[in-house]
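Enquirer: Here is my input, please return the structure:
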Amino acid sequence: MGGVGKTTLLTKIKNKFLQSSIKAFDIVIWVVVSRPTNLERVQETILDRLDIPHDRWKGREEERKAEEIRRVLKTRKFLLLLDDIWDPLDLMRVGIPPLGDGNQSKIVFTTRSADVFRGMAAQKSIKVECLEEKEALSLFQAKVGEDTLNSHPYIPKLAEMVAKECKGLPLALIVIARAMASAKTPEEWERNLQKLRLYPKDVAGTENDLFSVLAFSYDSLPDEATKSCFLYCSLFPEDDQIPSEHLIQLWIGEGFLDEYDDIQEARNQGGKIIQMLKHACLLEVGTTRFLKDGEYLKMHDVIRDMALWLACEKGKKKNKFVVKDGVGLISAQEVQKWKDAQRIALWNQTSIEELREPPRFPNTETVIGRMTLFMFPSGFFTNMSIIRVLDFSNVELRKLPTEIGNLATLQYLNLSGTRIEYLPIELKNLKKLRFLMLDGLSLVGPLPNQMVSSLSSLQLFSMQFFSYMSSTDEIMLVEELEQLEHINDISIMLTSIQSIQRLFESHKLRRSTTSLQLRLRTGVNQVQLVSPSCIKELVLERCDELEEVKIIHFEKQVVPSKFPNPQCCFNHLLSVIIIRCNKLLNLNWLIHAPKLQYLRIEYSKIIEKVIEDERSEGSEIESGLSVFSRLIYLVLLNLPKLESIYGHALPFPSLRRIAVLDCPRLKKLSFDSNICMSKKLENIFGQQDWWDGLEWNDQTLVHNLTPYFQPLEAYNYPITRVLDLHKIRKLHNGQWQSSPIPSLFIINSDHNSDFTFKFHLLHRTFTLISTTFRAEF
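Expert: Next comes the predicted model:
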């Protein structure tokens with residue numbers, strides 16, 4: 001039975017051995033197998049955990065990968081934890097050596113099926129039973145909360161009655177308890193108890209019976225918009241890590257949050273809905289990756305199955321939500337069965353065979369694709385009369401069908417991270433399009449003339465991390481954006497002073513630009529930003545000759561970047577990334593970014609101080625402005641002359657993670673004694689010799705911070721060697737070193753040593769992949 005606590009118990013086993021000071025095993029390996037069983041994915045998860053160089057197995061056949069796994073594991077005492085197995089898994093094919101021979105290695109797996117237990121010849125089985133009545137009530141009461149239980153003398157008795165309806169199933173107890181947590185009167189409890197009793201009571205029976213009980217939590221959601229947002233999450237693959245920003249943007253594109261005219265207001269409401277769904281235990285916090293900000297979400301597989309069951313009208317319309325994950329080639333006959341589909345999602349190693357005739361999708365509103373597909377079959381989009389959302393981000397798509405230009409109802413189009421080289425002029429016909437995302441494209445030529453300005457309903461436009469445009473084409477793009485009446489959210493990369501000036505000359509564009517990436521051409525040593533208070537994300541990348549950033553008032557008064565007037569502060573700036581700005585001495589203008597949460601500086605040769613100490617310069621700064629008071633992530637990579645983060649110690653009350661790599665002159669961290677008081681700090685990553693060589697004015701501080709330090713070597717963090725895009729595409733027969741990679745930009749390298757690929761992804765997500773290392777953060 002799902003939801004009984006198998007994964008929870010397996011997680012506790014993992015944490016016990018990972019956190020124990022006594023190392024019972026050389027290595028602990030965790031793999032979520034899930035369904036459909038993908039042996040290659042299982043192998044690659046193990047290979048990554050074993051730190052086996054990618055050039056030894058990437059792109060190789062199954063047998064070669066198995067040999068590499070076996071070669072390492074036969075010499076190590078390992079604990080292999082396999083979660084959520086649906087079909088017997090051939091461990092020999094995976095590469096797991098036979099247990100025994102005195103090596104004391106162990107394998108533990110979870111499954112819902114006794115057939116799997118028998119098929120894998122397990123030596124011992126432990127059946128995880130539902131909770132006894134007393135334990136179940138205790139769990140239920142804990143999740144409801146004391147405030148609710150104490151709000152009326154009769155509620156504890158009603159709580160016992162509701163808990164009994166859950167038949168001891170932990171997942172049902174947790175989810176229904178959270179649904180009841182806001183009920184503070186006996187009348188509310190009695191009404192809800194009556195509703196619950198109307199559902200089938202055989203919780204320990206079929207999956208559908210369980211869904212019926214859990215559906216009570218869905219029925220308790222406050223409105224239809226929240227319910228639609230919840231059901232939408234079931235479109236993502238089982239056990240997937242769902243980026244919250246991307247999810248909210250899809251919700252907006254679908255029209256679930258249409259009551260909010262402003263995109264930012266809709267995003268804020270989306271964030272509230274996520275919190276509501278997490279509070280109801282219908283969504284969970286996903287895996288936190290190394291130094292990755294931005295939240296990831298996941299659904300318990302039973303909750304996801306329930307959501308799909310509900311979306312398909314309790315199983316009566318099985319093809320209303322079509323979700324295919326890793327199923328290989330889909331036949332034309334199968335596609336024809338999707339005529340009643342409202343939403344279609346195709347994921348991972350999924351493709352569609354050529355169609356004899358265009359299929360009909362009269363009810364389809366959504367198509368999401370993350371599959372291995374170079375082009376869609378001819379006519380696939382011909383008969384989509386009410387389509388609203390097309391999201392093909394991170395697909396190996398090379399050509400966009402021209403018939404997409406005929407989708408009159410389309411409002412959301414995401415082509416980020418595809419390999420499309422030309423955009424069809426027919427896109428200008430999309431008069432209802434509100435969201436257009438083109439990040440990470442390698443277009444051979446400019447955008448079609450007047451395409452953008454023809455999109456009369458466009459509200460959000462994003463085009464960053466792409467191959468170069470000419471200065472003239474950039475200016476034309478900026479001018480076309482200015483012609484759009486409804487535009488209010490722009491993310492854009494600019495490379496010339498002329499296009500930057502043209503952007504900031506427009507009040508509309510200045511107000512609408514929320515993310516700005518500057519990759520300045522040779523000869524540019526100064527950039528002026530005119531009242532950039534609306535910018536939330538700023539990237540300065542490969543600005544090799546940039547020496548100074550200046551801020552300009554509306555009145556055209558130039559304010560030097562050293563310590564700009566507080567009236568010109570970046571009121572909304574949350575993220576700053578500085579890469580390869582080799583003549584930039586400092587970032588003093590950041591002193592007036594009071595809400596800054598993410599700061600990353602790398603490969604900048606002469607920067608000595610992130611921010612100079614304004615007190616030593618005699619500058620007047622308003623006392624209410626606290627430097628780095630909201631900074632959550634700080635990343636400093638390959639800064640050979642960096643000596644100081646700030647001129648004196650700061651409390652960093654919000655800091656969670658800091659990473660320092662190849663900053664040999666940084667001998668002091670600008671932390672005061674309050675750094676540990678906030679209880680927010682999680683990790684300090686760095687090289688061991690750097691940490692050992694740090695100088696401390698307060699030995700208590702080093703004592704308190706040492707438990708947070710983790711050597712970067714433990715995460716196999718490589719010293720980055722970055723290659724040119726076209727060179728990378730020539731490697732390995734034109735195949736990328738990983739699965740389709742979201743929205744990327746790649747920097748040329750000054751080095752000639754070992755290959756390491758560096759991908760800077762959207763939303764400050766980073767993945768490093770090399771022939772010898774892989775780390776995600």
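Enquirer: Would you mark the buried spots in the longest helix seen in the chain?
Expert: The longest helix of the chain (DSSP state H) is helix 263-279. Neighbour counts over helix 263-279 (16 or more other C-beta atoms under 10 Å) mark 263, 266, 267, 269, 270, 273, 274, 276, 277 as buried. Backbone N, C-alpha and C define where each C-beta goes, glycine included.
Enquirer: who does that helix touch, helix- and strand-wise?
Expert: Here helix 263-279 touches helix 224-232, helix 244-254, going by 3 or more C-beta pairs under 8 Å, 6 or more residues apart in numbering; DSSP states H and E.
Enquirer: which one of the ones you listed is the most hemmed in?
Expert: Among the helices and strands packed on helix 263-279, helix 244-254 has the highest mean neighbour count (mean count of other C-beta atoms under 10 Å), at a mean of 21.
Enquirer: mind showing which ranges of the chain have poor pLDDT?
Expert: 1, 21, 101, 198-209, 288-294, 468, 553-569, 613-625, 676-678, 713-777 (pLDDT under 70).
Enquirer: Tell me which residue lies nearest the centroid of it.
Expert: Residue closest to the mean C-alpha point of the chain, counted by C-alpha atoms, centre = their mean, is residue 243 at 3.5 Å.
Enquirer: Surely that residue and residue 287 touch.
Expert: No: Residue 243 lies out of contact with residue 287 (C-beta atoms under 8 Å); the separation is 11.8 Å.
Enquirer: Quickly list what's touching both of these two.
Expert: residue 296 (C-beta atoms under 8 Å, 6 or more residues apart in numbering).
Enquirer: what's around residue 688, how many residues?
Expert: Other residues lying near residue 688 total 13 when counted by other C-beta atoms under 10 Å.
Enquirer: which phi and psi does it have?
Expert: Main-chain dihedrals, residue 688, degrees, to the nearest 10: phi -60, psi -40.
Enquirer: With the one 5 residues further on instead?
Expert: Torsion angles at residue 693 (phi, psi; degrees, to the nearest 10) stand at phi -90, psi 0.
Enquirer: Report the contact partners of the spatially closest residue to it that is not a sequence neighbour.
Expert: Leaving aside its chain neighbours, residue 693 sits nearest to residue 667 (6.7 Å; criterion: C-beta to C-beta, 6 or more residues apart in numbering). By C-beta under 8 Å, 6+ apart, the contact set of residue 667 is 643, 693, 694, 695.
Enquirer: of those residues, closest to residue 460?
Expert: Nearest to residue 460 among those is residue 643, at 41.2 Å by C-beta to C-beta.
Enquirer: Sort out which residues of the helix or strand containing residue 44 are buried, please.
Expert: Using DSSP states H and E, the element containing residue 44 is helix 39-49. Buried residues in helix 39-49, counted by 16+ other C-beta under 10 Å: 39, 41, 42, 43, 44, 45, 46, 47, 48, 49.
Enquirer: thought the fourth one was touching residue 62?
Expert: Yes: judged on C-beta under 8 Å, residue 43 makes contact with residue 62 at a distance of 7.1 Å.
Enquirer: quick one on the thing from earlier: just put the helices and strands packed on helix 263-279 in TSV and tack on distance to residue 481.
Expert: TSV is the format used below for the helices and strands packed on helix 263-279 (distance: least, C-beta to C-beta, whole Å):
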stretch	distance to residue 481
helix 224-232	29
helix 244-254	19
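Enquirer: And those: which comes nearest residue 172?
Expert: Residue 172 lies closest, by C-beta to C-beta, to one member of the helices and strands packed on helix 263-279: helix 224-232, at 16.8 Å.
Enquirer: Output the closest one as CSV, nothing but the C-alphas.
Expert: In CSV, the C-alpha atoms belonging to helix 224-232 read as follows (Å, rounded to 0.1, in the frame of the first residue of the first chain):
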residue,chain,number,x,y,z
GLU,A,224,-11.3,26.3,-7.9
ALA,A,225,-8.1,28.1,-8.8
THR,A,226,-6.2,26.4,-6.0
LYS,A,227,-7.7,23.0,-7.0
SER,A,228,-6.7,23.6,-10.6
CYS,A,229,-3.1,24.4,-9.6
PHE,A,230,-2.9,21.3,-7.5
LEU,A,231,-4.2,19.0,-10.3
TYR,A,232,-1.7,20.6,-12.7
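Enquirer: next one: that helix to chain centre, how far?
Expert: With C-alpha atoms, centre = their mean, to the nearest Å as the basis, helix 224-232 stands 20 Å off its chain's centre.
Enquirer: Show the secondary-structure elements that that helix is packed against.
Expert: Here helix 224-232 touches helix 244-254, helix 263-279, helix 301-311, going by 3+ C-beta pairs under 8 Å, 6+ apart.
Enquirer: how far off helix 263-279 does the last one point, in degrees?
Expert: Between the axis of helix 301-311 and that of helix 263-279 there is an angle of 120 degrees, by axes from the mean of the first three to the mean of the last three C-alpha atoms, to 10 degrees.
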